[in-house]
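Colleague: Sequence plus predicted model, see below.
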Amino acid sequence: MTLLALLDFAAVLVFALTGALVASRAQLDIVGFAFMAALTGLGGGTLRDLLLDRTPIWIVQPVYLMIACAAAVLVFFTAHRFESRYRAILWLDAVALGVAVAAGAGIASDMAQPAIIVTVMGIATGCAGGLMRDVVANELPLVLKQGELYVTCALAGSLALLGTIALGLSGNAAAVACVLVTAGLRAGSLALGWRLPVYKSRPPRS
Amino acid sequence: MTLLALLDFAAVLVFALTGALVASRAQLDIVGFAFMAALTGLGGGTLRDLLLDRTPIWIVQPVYLMIACAAAVLVFFTAHRFESRYRAILWLDAVALGVAVAAGAGIASDMAQPAIIVTVMGIATGCAGGLMRDVVANELPLVLKQGELYVTCALAGSLALLGTIALGLSGNAAAVACVLVTAGLRAGSLALGWRLPVYKSRPPRS
Amino acid sequence: MTLLALLDFAAVLVFALTGALVASRAQLDIVGFAFMAALTGLGGGTLRDLLLDRTPIWIVQPVYLMIACAAAVLVFFTAHRFESRYRAILWLDAVALGVAVAAGAGIASDMAQPAIIVTVMGIATGCAGGLMRDVVANELPLVLKQGELYVTCALAGSLALLGTIALGLSGNAAAVACVLVTAGLRAGSLALGWRLPVYKSRPPRS
């Protein structure tokens, strides 16, 4: 199994965990957990595949669906152990974002897409599943949370992947660089408050 | 006309009625009714067709669009007769869910997809139209309503279809079984409060 | 470059401006601006292309993505000059709607689709980008705003395009007619309160 395929599995698994945790916050039943897990875990990859005119990977390899369902069952029986499920969602989402961006950008890069499309596919694969999760759960999407880096992490990770390849390193090294940059930036934003200057309608004056 | 095609028409019609009723609650004009009716009536089937790499059925057979528009006109002039439009939406949605799950799972089964994909297509076709309706109308999606069976009904109906086929019965019998199980479970949940145990963050202690 | 291609560029640009303005109201950073600009600018055309089984235009011609990013940068540095960003969004959205409906209906017409599909593609291309923008930003979609014409404008514009072609005039003339009818109706609704009768659950009595 290639590293890229492994990352794709990992992205599905970890995003599915966050979807199931959102289901636990909404106090759904086990089927609701599986629904939210599958939507979140598979949403980003499905969007990427539809855009690139590929058959969604989980239709070809249903094991992806089983991973999402396993994540749902796992969370259904263990979510009460998390001290703060919201914090757990945030941190798992950071890991999933890193892995999914690498999988998305890596697959587009393997298809010899131009750099800008590789970047967009990294961002779309990374952000779409969580976005669908938040929209369906009627919560403000993480991608729109003010004063946090989110899409920026996906952008930086995709650029790291492209840069590593441009340096002549292997696709696997590029994928690892992408995961580290994406998840690292997101973790820095969550834990240390890293951010970009945000738009202010009226700059403060002294 | 095959039973499967008939079910597909019926699913569009009944889901379109629920979309138009949501439009009536939002006090839209006739074009807004048609927009919500078409989105709700065609959304699930369109998602299924995009995932299975088929051309959406209503592009090939525009009569589907006309059915959705007819539903919009019908509701525009009769919605004031409903005592409770919200109850009407819930019950029509239950019927539509049953019919749409059968149409979605049936078509995937006819394409010789594996059982897990048949199940997912049943759920996606059944749930996506109503989900889009609720997301666009900024309401909490029915699929996420706590303490009610919804996705579970679609899952059970898809399994009923697969089981009936596995017993050697005809595709038509399987479709009928699917409609009855899906809509019956949903009706039981609405009328009698049938439900699965939901996740509780803190189990009650005595 | 054909007029149709020019309209498609213009639709992306102006919708992207509205997306960036929504980002400015949410006080996002520059990457958040680009995300909302790309989603809004490219969402409608992407939906149209997926439905018609074409590769999304921005994957083939990444210049579309650059236009959206340029709109984001422009708004990031100038949005504070707008007296009311909400009014700016409404009016730019009206222009974008006109241009996007013409681009969507024109492309479907060039593909020799039947009239009803041309109409739907005009409406979908015109309305989907703004709808995604509003759903992601958790605002009530403009398409659902009571007492305003919105989908109706897209419908009338698509019919104007079909009518002009039926009269034997050129595709360019038809596109111009479509822009004028769509944006004109929407402007009339915004400025002068034009509307269709809306559904009322209880008609007023004297």
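Modeller: Noted; the coordinates are in hand.
Colleague: Let me know the secondary structure of the residue in chain A that chain C sits nearest to.
Modeller: Residue nearest to chain C within chain A: residue A:196 (3.7 Å; Cβ to the nearest Cβ). From N, CA and C alone the C-beta is placed, and that goes for glycine too. For residue A:196, the assignment made with DSSP: H, G, I helix; E, B strand; the rest coil gives coil.
Colleague: Okay, and the beta partners of the closest residue to it other than its chain neighbours?
Modeller: Sequence neighbours aside, residue C:29 is the residue nearest to residue A:196 in space, at 3.7 Å (criterion: Cβ to Cβ, 6 or more residues apart in numbering or on different chains). For residue C:29, the beta-bridge partners under DSSP bridges are residue A:198.
Colleague: Can you give me the neighbour number for residue C:29?
Modeller: 22 (other Cβ atoms under 10 Å in any protein chain shown).
Colleague: surely it meets residue A:197?
Modeller: Yes. At 6.5 Å, residue C:29 counts as touching residue A:197 under the criterion of Cβ atoms under 8 Å.
Colleague: Check the gap between the nearest residue to residue A:185 once chain neighbours are set aside and residue C:100 for me.
Modeller: Leaving aside its sequence neighbours, residue A:185 sits nearest to residue A:153 (Cβ to Cβ, 6+ apart; 4.1 Å). Counting by Cβ to Cβ, to the nearest Å, the gap from residue A:153 to residue C:100 is 31 Å.
Colleague: And for residue A:179?
Modeller: Counting by Cβ to Cβ, the gap from residue A:179 to residue C:100 is 37 Å.
Colleague: what's the answer for residue A:93, then?
Modeller: 33 Å.
Colleague: More neighbours: which of those two?
Modeller: Applying other Cβ under 10 Å to residue A:93 and residue C:100 shows that residue C:100 carries more neighbours, namely 35 against 28.
Colleague: quick one: contacts for that one?
Modeller: By Cβ atoms under 8 Å, 6 or more residues apart in numbering or on different chains, residue C:100 lies in contact with C:7, C:11, C:15, C:44-45, C:125-126, C:129.
Colleague: just the strands in chain A please.
Modeller: In chain A, no strands are found when defined by DSSP state E.
Colleague: Regarding it, what is its longest helix?
Modeller: Assignment by DSSP state H gives helix A:85-110 as the longest helix of chain A.
Colleague: Name the surrounding residues that touch stretch A:4-15.
Modeller: Contacts of stretch A:4-15 (Cβ under 8 Å, 6+ apart): A:40-45, A:57, A:64, A:67-68, A:70-71, A:92-93, A:95-96, A:99-100, A:102-103, A:106-107, A:110, A:125, A:129-130, A:133, A:171, A:175, A:179.
Colleague: Residue A:196 and residue A:123: what is the separation?
Modeller: 15 Å.
Colleague: more neighbours, the two?
Modeller: residue A:123 (27 against 15).
Colleague: Leaving out sequence neighbours, find the closest residue to that one.
Modeller: residue A:154 (4.4 Å).
Colleague: what number of residues lie near residue A:45?
Modeller: So residue A:45, with other Cβ under 10 Å, has 26 neighbours.
Colleague: Please identify the residues of chain A in proximity to chain B?
Modeller: A:23-24, A:26-35, A:38, A:46, A:50, A:55-56, A:58-59, A:62, A:65-66, A:76, A:79-80, A:85, A:135-138 (Cβ under 8 Å from any Cβ of the partner chain).
Colleague: which among those end up buried?
Modeller: The neighbour-count test (16 or more other Cβ atoms under 10 Å in any protein chain shown) marks A:23-24, A:26, A:28-35, A:38, A:46, A:50, A:56, A:58-59, A:62, A:65, A:76, A:79, A:85, A:135-137 as buried among the residues of chain A next to chain B.
Colleague: How about the residues of chain A by chain C?
Modeller: A:50-53, A:113-114, A:116-117, A:120, A:123, A:127, A:131, A:135, A:138, A:140-141, A:143-144, A:146-147, A:149-152, A:155, A:195-203.
Colleague: I'd like the list of the residues you listed that fall within helices, please.
Modeller: A:50-51, A:116-117, A:120, A:123, A:127, A:131, A:135, A:151-152, A:155.
Colleague: which two of these lie the greatest distance from each other?
Modeller: With Cβ to Cβ as the measure, no two of those lie farther apart than A:116 and A:135, at 25.8 Å.
Colleague: that older thread, on the pLDDT front, check the residue nearest to residue A:123 for me.
Modeller: We have a pLDDT of 95 for residue A:154.
Colleague: do residue A:206 as well
Modeller: pLDDT, read off for residue A:206, is 40.
Colleague: residues contacting residue A:162?
Modeller: Residue A:162 touches A:105, A:109, A:115, A:118-119, A:174, counting by Cβ under 8 Å, 6+ apart.
Colleague: go on, residue A:86?
Modeller: residue A:25.
Colleague: For chain B, what is the nearest residue in chain A?
Modeller: For chain A, Cβ to the nearest Cβ, closest residue to chain B: residue A:29, 3.7 Å.
Colleague: Correct me if wrong: that residue contacts residue B:153.
Modeller: No. Look at residue A:29 against residue B:153 with Cβ under 8 Å: they stay out of range, at 11.6 Å.
Colleague: Please name the nearest non-neighbouring residue to the residue nearest the centre of chain A.
Modeller: The centroid of chain A falls nearest to residue A:97 when counting by Cα atoms, centre = their mean (2.9 Å). Excluding the flanking residues, the one nearest residue A:97 by Cβ to Cβ, 6+ apart is residue A:126, at 5.0 Å.
Colleague: And for the one you found, the neighbour number?
Modeller: For residue A:126, using other Cβ under 10 Å, the count is 35.
Colleague: roughly how far apart are it and residue A:58?
Modeller: Look at residue A:126 and residue A:58: by Cβ to Cβ, they are 17 Å apart.
Colleague: Same check on residue A:44?
Modeller: 12 Å.
Colleague: now do residue A:104
Modeller: 15 Å.
Colleague: show me the contacts for residue A:69.
Modeller: Residue A:69 touches A:34, A:37-38, counting by Cβ under 8 Å, 6+ apart.
Colleague: Same list (those) but as JSON lines, adding distance to residue B:166 and pLDDT.
Modeller: Output for these, formatted as JSON lines (distance: Cβ to Cβ, whole Å; pLDDT from 0 to 100):
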{"residue": "A:34", "distance to residue B:166": "22", "pLDDT": "95"}
{"residue": "A:37", "distance to residue B:166": "27", "pLDDT": "96"}
{"residue": "A:38", "distance to residue B:166": "24", "pLDDT": "96"}
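Colleague: List just the nearest of those to residue B:183.
Modeller: residue A:34 (21.0 Å).
Colleague: Nearest residue to the closest one in space, please, no chain neighbours.
Modeller: Residue A:34 sits nearest to residue A:72 (Cβ to Cβ, 6+ apart), 4.1 Å away.
Colleague: Would you list the buried entries among the contacts of stretch A:4-15?
Modeller: A:40-45, A:57, A:64, A:67-68, A:70-71, A:92-93, A:95-96, A:99-100, A:102-103, A:106-107, A:125, A:129-130, A:133, A:171, A:175, A:179.
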